[in-house]
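Asks: here is my input, please return the structure:
(one chain, ligands or ions: 1)
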Amino acid sequence: MAILILVEIEQTDAWFIELIAELKKRKPNLDWRVWPEFGKPEEVEIVLAWWPPLGVIQKFPKLKLIMSLGASVDRILVDPDLPDGIPIVRLVSHKNILQMVEYVTLCVLLVQRRFIEYQALQQSRRWEYLPTPETSSFTVGILGLGSFGSTVAQKLAAIGFPVRGWSRTPKAIAQVECFHGWQQFKLFLSQCRALVCLLPVTPETRGILSNETFWALPQGAYLINVGQGKHLIEADLLTALDSGQLAGVCLDVFDTEPLPSEHPFWSHPGIIVTPHISALGLPNSAADCIIDTIARAETGRPFEYLVDRNQGY
Ligand code: NDP
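Replies: Below you'll find the model as predicted:
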């Protein structure tokens with residue numbers, strides 16, 4: 001059984017290089033192959049993929065499992081030639097989730113304590129006091145209550161923020177006010193002083209961070225996008241910021257990554273840009289998840305984080 005790591009890595013991509021080394025070290029007897037050196041196609045039974053080139057996965061007639069090397073799968077599902085019936089599993093590690101909790105908590109505290117505005121004041125050497133909303137009145141809304149969103153929601157609630165969340169199907173999470181479906185979307189948004197996007201990209205959620213959403217938030221709300229760049233309509237964001245409807249934004253994910261140097265987000269005083277580092281994951285914990293998933297494939301134990309192809313996540 002060969003396991004193909006299907007990543008178009010730059011020779012310099014340290015994260016993937018470290019992951020591959022870790023996998024080979026831990027399981028030297030497994031037949032690891034790294035794209036584009038896949039050998040005989042009929043020997044490949046497992047593909048570990050990250051942004052795979054279209055049309056490649058169908059090349060392997062004995063394929064038993066596709067594992068995404070990240071928490072999202074839209075870049076795999078977009079392949080029109082993806083073979084049917086093969087399980088697709090996402091890579092979600094506990095450490096990844098903790099990193100996301102840290103990142104989002106940092107952003108929420110940063111916007112609640114008005115560091116974006118203070119940063120702008122600092123640029124013009126102005127010593128000014130800005131009123132700070134109390135934690136107990138600063139409602140944070142989480143779009144997506146899955147493995148990442150539900151944990152982030154609970155941790156923010158534990159700090160003392162009122163937290164509400166929105167998902168596709170109904171949820172019950174202690175200390176989190178739960179909303180679901182499009183019917184409750186605007187009601188959910190109406191109290192969110194900070195909105196955090198932790199949704200997958202699907203035909204329904206693509207472009208969800210748009211004018212319509214921004215204008216359903218209280219005036220002067222903040223946005224934190226750690227979902228994906230495809231959730232955001234970039235021109236709408238700039239309009240909402242420049243009109244004051246949004247007071248500030250933290251962005252970790254972008255439609256084009258790396259964010260081009262001429263992009264207006266880099267220099268906008270209301271935007272904090274980070275280079276997709278919110279939950280980068282650690283190669284050793286990714287290796288744990290991959291080895292566990294391979295063991296499940298070998299023994300027939302049920303997979304964790306199995307993708308529902310019909311829902312697209
Ligand atoms: P899950 O699949 O566990 O959860 C997805 C959540 O989104 C679920 O609560 C689901 O609702 C909800 N959802 C999906 N479609 C809709 C819809 N149409 N309307 C309302 N709610 C919807 O995903 P994860 O929590 O593991 O990850 C979510 C996303 O976070 C990833 O796809 C990725 O985009 C992003 N992410 C980004 C990272 C980064 O480094 N920036 C790292 C990790 C994740 P329901 O519960 O009802 O099914």
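
Asks: is the closest residue to residue 69 other than its chain neighbours in a bridge, and if so with what?
Replies: Among residues not flanking residue 69 along the chain, residue 50 sits closest, at 4.0 Å (C-beta to C-beta, 6 or more residues apart in numbering). Yep, even glycine has a C-beta here, placed from its N, CA and C like the rest. Per DSSP bridges, the residues bridged to residue 50 are residue 7.

Asks: who touches the helix ranked longest in the chain?
Replies: Determined from DSSP state H, the single longest helix within the chain is helix 94-112. Applying C-beta atoms under 8 Å, 6 or more residues apart in numbering, the external contacts of helix 94-112 come out as 71, 116, 132-133, 135, 138, 140, 147-148, 151-152, 155-156, 159, 161, 193-194, 196, 198, 222, 224, 226, 247-248, 250, 252, 272, 277-282, 285.

Asks: let's see it at 7 Å
Replies: Counting by C-beta atoms under 7 Å, 6 or more residues apart in numbering, helix 94-112 makes contact with 71, 133, 135, 138, 140, 147-148, 151-152, 155-156, 161, 194, 196, 222, 224, 226, 248, 250, 278-282, 285, all of which sit outside it.

Asks: can you check stretch 52-64 too?
Replies: By C-beta under 7 Å, 6+ apart, stretch 52-64 touches 6, 8, 41-42, 44-47, 66, 76, 79, 81-83, 86, 297.

Asks: interface residues of this protein facing the ligand?
Replies: Within the chain, the positions near the ligand by C-beta under 6 Å from any ligand atom are 71-72, 92, 100, 144-149, 166-169, 198-202, 204-205, 226-228, 252-253, 276, 278-279, 313.

Asks: quick one: buried ones out of those residues?
Replies: 71-72, 92, 100, 144-149, 166-168, 198-202, 205, 226-228, 252-253, 276, 278-279, 313 (16 or more other C-beta atoms under 10 Å).

Asks: just these: which are in strands?
Replies: Among those, DSSP state E puts 166, 167 in strands.

Asks: looking at the stretch 1-150 of the chain, which residue is nearest the ligand?
Replies: residue 146 (1.7 Å; C-beta to the nearest ligand atom).

Asks: among the contacts of stretch 52-64, which pair sits farthest apart?
Replies: 8 and 297 (23.8 Å; C-beta to C-beta).

Asks: between those two, which is the more surrounded one?
Replies: Each of residue 8 and residue 297 has its neighbours counted (other C-beta atoms under 10 Å); residue 297 has more, 19 against 13.

Asks: can you name the residues that contact that one?
Replies: 46, 64, 65.

Asks: now with 8 Å, please.
Replies: The contact partners of residue 297, by C-beta under 8 Å, 6+ apart, come to 46, 64, 65, 303.

Asks: same question for residue 225.
Replies: Residue 225 neighbours (C-beta under 8 Å, 6+ apart): 196, 197, 209, 231, 232, 249, 250, 251, 252, 253.

Asks: the same query, at a cut-off of 6 Å, please.
Replies: 197, 232, 251, 253 (C-beta atoms under 6 Å, 6 or more residues apart in numbering).

Asks: ok, the third one to residue 147 distance?
Replies: Read it as residue 251. 22 Å (C-beta to C-beta, to the nearest Å).

Asks: got it, and the first one?
Replies: As defined by C-beta to C-beta, residue 197 lies at a distance of 15 Å from residue 147.

Asks: show me where the protein has helices.
Replies: 14-26, 74-77, 94-112, 115-123, 147-159, 185-189, 211-214, 234-242, 283-299.
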